[in-house]
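Asks: predicted structure and sequence below. I'll ask about it afterward.
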Amino acid sequence: MKKQTFQTILIFTHFCLMMIVFGGAIMETFINFPNWFHNIPTSLDAAKNFLQARNPGQFFQTLYPLAILTGIAFVILGWKIKPARNFILAAIVLSVGLEVVTFTFIYPLLRVMIVDGTAVHSVEVLKQTAERFMTLNYVRMFFFLIAEMLSLIGLWKFTQHPAIRAI
């Protein structure tokens, strides 16, 4: 296979995975989280009981690293395609930063609400934690949207590059 074919597969895979993960994050933010937090602690218990076989983390912790890795692979293989490379690289840096924020700030809040729950914390603490969680999540979603737009621009720059258009 030609190098351009690998580049094309990698950048399209990266973009598609970013879109899938972003769509999942939108669904979580506007469907699941409001249900989780509407009647604390009962709603948190219902969420905990519902998430027995699988949880959203398994989805995001699989696909998001794959999106980052395909982006890194494209940057390496498409290094000479500077316009696309720079946007994908920026998306990757932002995505890695979002992962650090998630593991550092979001997951501890989820632990308080879902794992510890009322066995360890008062209902008031759980409500305050849910508010902090949603605020951080909205900020995270804003930066995720920027990363997604950077990936889209990178894909567009790739398709417009003279070396690729000549194929």
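Replies: Everything's here; your move. Numbers count the residues shown, from 1 in each chain.

Asks: which element follows the helix or strand where Trp36 lies toward the C-terminus?
Replies: Using DSSP states H and E, Trp36 sits in helix 33-37. Of the helices and strands lying after helix 33-37 in sequence (DSSP H and E), the nearest is helix 42-50.

Asks: elements contacting the helix or strand following that following helix?
Replies: Toward the C-terminal end, the helix or strand that comes next after helix 42-50 (DSSP H and E) is helix 56-77. Judged by 3 or more Cβ pairs under 8 Å, 6 or more residues apart in numbering; DSSP states H and E, helix 56-77 is in contact with helix 3-27, helix 82-101. Where C-beta positions appear, they are placed from N, C-alpha and C, glycine not excepted.

Asks: chain center to the helix holding Trp36: distance?
Replies: Mean-position distance between helix 33-37 and its chain equals 19 Å (Cα atoms, centre = their mean, to the nearest Å).

Asks: stretch 53-63 now?
Replies: 11 Å.

Asks: how about residues contacting it?
Replies: Leu17, Ile20, Val21, Gly24, Ala25, Glu28, Asn32 (Cβ atoms under 8 Å, 6 or more residues apart in numbering).

Asks: Ile68 contacts Ser95, doesn't it?
Replies: Yes. With contact defined as Cβ atoms under 8 Å, Ile68 reaches Ser95; the gap is 5.2 Å.

Asks: in this structure, what spans have low per-residue confidence?
Replies: Judged against pLDDT under 70, the low-scoring parts of the chain cover residues 1, 165-167.

Asks: hang on, isn't Met134 packed against Phe37?
Replies: Yes. Counting by Cβ under 8 Å, Phe37 is a contact partner of Met134 at 7.1 Å.

Asks: compare those two (neighbour count), which wins?
Replies: More neighbours surround Phe37 than the other of Met134 and Phe37, with 19 against 16 (other Cβ atoms under 10 Å).

Asks: OK, contacts around the more buried one?
Replies: Ser43, Leu44, Lys127, Ala130, Phe133, Met134 are the contacts of Phe37 under Cβ under 8 Å, 6+ apart.

Asks: please report the distance of it from Glu124.
Replies: 14 Å (Cβ to Cβ, to the nearest Å).

Asks: let me have the helices and strands packed on helix 56-77 in TSV, extended by distance to Gln58 and mean neighbour count.
Replies: Below are the helices and strands packed on helix 56-77 laid out as TSV (distance: least, Cβ to Cβ, whole Å; neighbours: other Cβ atoms under 10 Å):
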stretch	distance to Gln58	mean neighbour count
helix 3-27	11	18
helix 82-101	15	18
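
Asks: out of these, nearest to Glu148?
Replies: helix 3-27 (4.9 Å; Cβ to Cβ).
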